[in-house]
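> need coordinates for the below:
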Amino acid sequence: MQFKHLLTLCFFALTCLFVQPVLAQNTAITGKVTDAKTREPLIGVSVGAAGGIGTLTSVDGTFRLSVPAGTTALTFTYIGYKSLTVPLNGQTSLSVSLESSSTSLNEVVVIGYGSQRVKDATGSVASLSPKDFNKGVIATPEQLLQGRIAGVQVTPASGEPGAGATINIRGASSIRSGSSPLYVVDGVPLDNGGTSGGFDSGAGSSSARNPLAFINPADIENVSILKDASASAIYGSRGANGVILITTRKGRKGQGVQFGASTSISNAAKTYDLLNRQQFLAGVKSVGSNPGTVAKGGVDYGANTDWQKEILRTAISQNYNLAFGGASNTGNYRASIGYDNQQGIIKRTDLKRLTGRLNASQSFFGERLKFDLQSTISNVKDRFAPITNNAGFNGSLIGAAIQTNPTIPVFDSEGRYFSLNGYENGFPKGNTFRNPVSLLNQIDDTDNVNRYLNNLTMTIRLFEGLSYKGNAGADIARGQRETYYDPTIVGFTDESNIGDFKVPSATGNGRGILVHNEVTNLTTEHTLNYDKKWTDNSSITALVGYSYQTFKNFNRGNLAWGTATPGEFVKDFDKFKNHMPYDFSNRNGLDSSSYKLQSYFARVNYSYKDRYIVTATVRRDGSSRFGTNNQYATFPALAAKWRISNESFAPKSIFDDLSLRLNYGKTGNQDYPSYASKKLRQSNYLGTSSATIGADNPDLKWETQTAYGAGIDFSVLKGRLNGTVDYFNKSQSDLLFLDILAQPASSTTIWRNLDGNVRNTGVEVGLNFAAVQGKDFTWDIAYNMTFIKNRVEDFGARNVITGNIDGQGLSGAYAQFIGNGYPLYSFNVPNYSGLGPDGFGIYPQGIDVSSIQGSPLPTFTAGLTNSFGYKNFNFSFFMNGATGFYIYNNTANAFFYKGNLVSGRNVTKAVAMTNENALNSGEVSTRFLEKGDFLRLSNATVGYTVPVNGKVFKTLRFSLTGQNLFLITNYSGLDPEINTNKERNGVPSRGIDYTSYPSARTFTLGLNAGF
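Coordinates of the predicted model:
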C-alpha cells in the first residue's frame, strides 16, 4: 500500500509540472506545405514555434499560426519526411516544401529498452502504426494487427466481444507451458492475468477473457513485434514466444483537441443451415420415427421456432474518444478518455469499456533531467451468454439452439418457458431439455474488471552520451465475475459436485457464483545508456540494466443457493440463504500464487561506417518459479548486418538499400504455475485429511529456445518498393511438462523437463510498394506471406494426448496427440471413407485404429492490403488467408448426425439429405476433420477528408468500414479461424471448433475531428 500511495503522489506532483503557460500571441504567420517532389499539398504537417505554439496543416496544405513577437523560425515535421526548420526573417507568408525520407529506412521502430532506425536494426522487428491497423470495431489490441505481419498468427477463441486469442509468433513451440508472447506496454511487461473464467456449474466451463481488453486501441501509437531471438533476447526468460511492444500516443505541437465517434451494426456472418418445422418432421419420418403430434406419441409440439433467430440479434455498437494534447520545447502532454459499448450478436452479450489515459513528459535544466509519465485507468464490464467449451449432452446455449426441435415453442400456454416435462409447484420438472431462450434470459453472467497501469520514468543525462534511466511501474487488475441462476430455469435439476461438497440443483433453488481475481505486478528497472557517434558514420550504442518484478495472483470463489422467496430471481450474492463452507477456487491449492523475477541485462550495438553493424545482447534471469538448483539462467544473442548498398561495388542504380542480416540467440519460457517445482499438498475443506498432489523437483528449469536465421532487406525504384525476406529456424528444448506418476507413489504428479524439442522453420516475406504516386491519385500495396513448418523432434516413444471431444457417447474421447516426428497437436483419429450402401460408416483400417491425419497449424499464411487515394477520398481493403491446416468440427460430431432425428433433435439440411442410417454412431474420425483453408476480405474502408479553413476544425474526416465482408472456404462450420479451448490434463489443443460464438459481419460509420 505504501508503494501505491507513493506512486500516486508522484504522479500527482509531476502532472502539475506538465501544465505549460500560454504565451502572448501577436503575429500571424500563414503558408502552405507541399511535397518537394510531387508538389502535392501535405495534410496534418506539424508546424511549431518556440514555447509550444503549434498547429497542423489543413486538407489543402495551408496553415495559420499566431506566434509571439520575436519568433525567428518555424519547424515543420511530418512522418515519412525530413524535418525542416525555416527562418522567418520578417516574413509572414511561407511556401514550404518537405523532402521525403525516400524510404522507410529512416523510420524509428521501438525495440526493447529503446528505439532505433529501421536501417540499423539487426534483428527481425516489425512495426505497425495507426495507418496500418485494422479498422472498425476493435475490442482488443491484437485485432489491430491480425493478418498484417508476416510470421504472426492471431486466432480468436470465438467471435464473442473481448474473447481471448491464441497468438503465435513464428509458430507454436511449447507442449504444456504458455505460448503467448510477452506484452510490454510503454515499458511495463504485463502479466496475462486479471480476468475471471467461467466456473462450471452444470453447463461446462468457459475461458478467461482477453487480458488486453483494458487497453483502448485509439490510444495506441505503435505496435512493434520482436520476432527473432536476437531481438527478443533482451527480455530473456520471457522472450521465447516473441515480444509485442505497445507504445501509446504522446502529445505534440499543435495537437489540440481530437474527437472520434463511430456507430456500428453487426450481424452473424453465417449461421447453421438447420431444418425448419416441415423439413424436420419429414426428416423424422424418413428415419422411421413418428412425426405426429406429442399427444399421439410423436415429436410435433405444434410450433415453428427458429432457435438461432431467437438468440441472435442485430447488434449496435458505439465508440467515443476525446483527447487533448500539446507540446513545448521542453515537454509534452496528452490526456484522453474513451468509451466503448460493443454489443454481441447474441442477445444479452456485450463489452463496455471506459478508459482514461495521461501521457506526459517534462524536461528540466536544459534537458539534463526528464520525467515521463504514462498512466491508464480502465473499467471493463462484460456480459456473457452461457456458451462453454465443454458442455455435456444437454449442451450450453449454442448446442441447445442448434439441436432443439423446431416444433417446440419458446413459451407454454401459461407464458412460462417451455419445459418438456411441464412444471410442478411452479418449477420445471426433469433434466432432459434446456430451453435456449431460458438459458439466455435466466442466467445472468457478468464480469467487472478494474485495471490500473502506471509507469514513471526519470532520465538523467550524466554527461555527453551517457544517461541514466530509472523506471517504476505498477500494473494492478481486480476482476469479479458474478453468475446467477433463476430458480425457475429449465433443465438444471441435477446436483453439482464441487470437490467433496454437493450443491443442490439450480432449478428450484436458484444459484449464485462469485469469482474474484486480483493481480498485482510491480516493476523496478534501472538502465545506463551510452551513445557515441564519430565523423566517419561509425557509432556505438550500449545499454546495461537491472530489473526486478514481483507478481501476485489472488483468487477466491464461493457459491450460494436458496432464495427467501420461492421462485425469485436473486442477483445479489449476499441474499442467498445458503453458502458453501469453503472457497472453491483454492480447492486445488494452485490458484493463488506469487513469484519474483530478477534480471541483469546488457546490449551493445556497433556500426562501422554505416556498413557493418553488430548487436550483442545478454540477459541473466532469476525466477522463484524454478527449482533451487536452476533458479538462474543466461540468455545470449548475437546479430550482424551488412549494408551492401553502402559498399563501393554495390549496384546503386538498382538498389537504394540492400542489407544482409544474420542472427543467433537463446531465449526462455517461464509461463507455467508458480509453485510447480515444490511439493504441494491438498486438504479437504474440513481440514481432516490431506494428500500430496505434486512432487518437488529442485532441478526444474526454463524451457530454452535456440534460434538462428538470416534476412535480406532491400529498397528499389527510389524507395517505392521496399521488402524483407527472412529465414528462421528455432527449437524449443527442456520442455516443461506435468507428468503423471505411476501409483502407488508419494504424489500423483511432478513437473519435469522432457527430452526432445519443438522446431519451427520457415520463410517470411514482406513487401511495400508505392505503385502510383500521382498528384491526385495514389496507390500503395502491402503484402506479407509466411511459409512455416512445425515438428516435434527427439521425443522418443512418448505420446501426449489432448484435444478433448465432447458430445453424446463421446465421454473420454480425444482427437489430437503430440508425438515424435509430427507437428504439435496433430490429429490422430480413425480414417473414415464415407457411408456404405447400408448407411453405416466405412472405416478401412477399423473404427478403433487411429492414424495421423493432419495438423491444425497452417503451413502458409498471407495478407494483402491495397490503399488508394484520390484527392480528398481514400479507399483501402485488406484480405488475409491461410492454407495447409485442418479443423476438427466437434460441433458436427456432437450434434449433426442422422440418429439425432430419432431422438427428436434437429440437424442440418446436409445431414438430413444423406443416406446415413439412424443407428450409425458418431465416432471421432476424419468424418468431422475438415480442411480449414480460407481467403477472407477482412477489412474495407472508404473515407473522405473535408476541406476546412482552420477556424473551427483543423481536420475533419468521415469513414465507412466493413469487417469480415466475405469468406471463401470449404469448411462447413461457421468460421475456420477458431480455436475452442479443448485442453486435456492441462495440455493445450488447437484447431477444434465446438459450439463457438459466431463471427460477426460489421459495418461502421466513423467521424474524426481535430480542433
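
> where is the longest strand in this structure?
Criterion DSSP state E: the longest strand present in the chain is strand 749-773.

> packing partners for the next helix or strand after it?
Remark: after strand 749-773, the chain's next helix or strand is strand 777-793, criterion DSSP states H and E. Contacts defined by 3 or more Cβ pairs under 8 Å, 6 or more residues apart in numbering; DSSP states H and E place strand 777-793 against strand 749-773, strand 860-870. Every residue, glycine included, has its C-beta placed from N, CA and C.

> avg pLDDT for stretch 166-185?
Per-residue pLDDT values over stretch 166-185 give a mean of 84.

> stretch 813-823 now?
The average of the pLDDT scores along stretch 813-823 is 94.

> tilt between the longest strand of the chain and strand 777-793?
160 degrees (axes from the mean of the first three to the mean of the last three Cα atoms, to 10 degrees).

> which strands and helices sit next to strand 749-773?
Applying 3+ Cβ pairs under 8 Å, 6+ apart, one finds that strand 749-773 contacts strand 690-695, strand 721-740, strand 777-793.

> counting contacts, what elements does the helix or strand just after the last one pack onto?
Just to be clear, that refers to strand 777-793. Where DSSP H and E defines the elements, the next helix or strand beyond strand 777-793 is strand 800-804. Counting contacts by 3+ Cβ pairs under 8 Å, 6+ apart, strand 800-804 is packed against strand 814-818.

> next, the angle strand 721-740 makes with the strand it packs on.
Interaxial angle of strand 814-818 relative to strand 721-740 (the same axes, to 10 degrees): 100 degrees.

> next one: phi and psi at the closest residue to residue 756 other than its chain neighbours?
Nearest non-adjacent residue to residue 756, counting by Cβ to Cβ, 6 or more residues apart in numbering: residue 795, 3.7 Å away. Main-chain torsions, residue 795, degrees, to the nearest 10: phi -90, psi 0.

> mind checking which of the helices and strands packed on strand 749-773 is nearest residue 672?
Nearest to residue 672 among the helices and strands packed on strand 749-773 is strand 721-740 (5.2 Å), distances taken as Cβ to Cβ.

> list the buried ones in the closest one?
Under the neighbour-count criterion of 16 or more other Cβ atoms under 10 Å, strand 721-740 has 721-722, 724, 726, 728, 730-738 buried.

> and which of these is nearest to residue 426?
Set against residue 426, the nearest of those by Cβ to Cβ is residue 738 (47.3 Å).

> what does the pLDDT read for that closest one?
At residue 738, the predicted lDDT confidence score is 86.

> surely it and residue 176 touch.
Yes - if you go by Cβ atoms under 8 Å, residue 738 and residue 176 touch, sitting 6.0 Å apart.

> what is in contact with the two at once?
residue 986 (Cβ atoms under 8 Å, 6 or more residues apart in numbering).

> residues near residue 123, how many?
For residue 123, the neighbour count with other Cβ atoms under 10 Å is 26.

> and the spatially closest residue to it that is not a sequence neighbour, what element?
Sequence neighbours aside, residue 231 is the residue nearest to residue 123 in space, at 3.1 Å (criterion: Cβ to Cβ, 6+ apart). Assigned by DSSP H and E, residue 231 belongs to helix 229-232.

> now what about that helix, what contacts it?
Helix 229-232 has contacts (Cβ under 8 Å, 6+ apart) with 111-112, 121-125, 182, 226, 239-240, 242-243, 615, 617, 637-639, 663-667, 705-708, 730.

> return a ChimeraX selection command for the buried portion of the residues you listed.
Command for ChimeraX that selects the buried part of the contacts of helix 229-232, burial taken from 16+ other Cβ under 10 Å:
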select :111,112,121,122,123,124,125,182,226,239,240,242,243,615,617,637,638,639,663,664,665,666,667,705,706,707,708,730
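
> from the contacts of helix 229-232, which ones fall inside strands?
Short answer: the contacts of helix 229-232 in strands (DSSP E) are 111, 125, 182, 226, 243, 615, 617, 637-639, 663-667, 705-708, 730.

> wait, doesn't residue 257 sit right on residue 326?
No - with contact defined as Cβ under 8 Å, residue 257 does not count as touching residue 326 (9.9 Å).

> what are the buried residues along whichever strand or helix holds residue 938?
Assigned by DSSP H and E, residue 938 belongs to strand 934-945. Using 16+ other Cβ under 10 Å as the test for burial, strand 934-945 gives 934, 935, 936, 937, 938, 939, 940, 941, 943, 945.

> also stretch 346-364?
346-355, 357-363.

> so residue 766 sits against residue 721, correct?
No - taking Cβ under 8 Å as the definition, residue 766 is not a contact partner of residue 721, at 11.6 Å.

> hmm, back to that, tilt between the strand holding residue 938 and strand 860-870?
Interaxial angle, strand 934-945 versus strand 860-870 (the same axes, to 10 degrees): 20 degrees.

> hmm, who's touching strand 934-945?
Applying Cβ under 8 Å, 6+ apart, the contact partners of strand 934-945 are 43, 59, 134-136, 146-147, 872-882, 955-969, 971, 976-977.

> ends of stretch 918-933, what's the gap?
With Cα to Cα, to the nearest Å as the measure, stretch 918-933 spans 31 Å from end to end.

> buried residues in that stretch?
For stretch 918-933, burial by neighbour count (16+ other Cβ under 10 Å) applies to 918, 920, 922-930, 932-933.

> equivalent analysis for stretch 402-416, please.
The neighbour-count check on stretch 402-416 (16+ other Cβ under 10 Å) flags 402, 403, 404, 405, 406, 407, 408, 412, 416 as buried.

> so how far does it reach from one end to the other?
Between the opening and closing residues of stretch 402-416 there is a gap of 21 Å (Cα to Cα).

> any idea which helix or strand carries the closest residue to residue 133 other than its chain neighbours?
Residue nearest to residue 133 in three dimensions, not counting chain neighbours: residue 144, with 4.2 Å by Cβ to Cβ, 6+ apart. Counting by DSSP H and E, the element that carries residue 144 is helix 142-145.

> quick one: contacts of that helix?
With Cβ under 8 Å, 6+ apart, helix 142-145 has contacts from 128, 133-134, 138, 152, 154, 165, 167, 210, 212, 217, 220, 223, 225, 244.

> and these, which two are furthest apart?
Largest pairwise distance in these, by Cβ to Cβ, is 18.7 Å, between 128 and 210.

> the more surrounded of the two?
residue 210 (26 against 17).

> so who does residue 460 touch?
368, 369, 370, 467, 468, 469.
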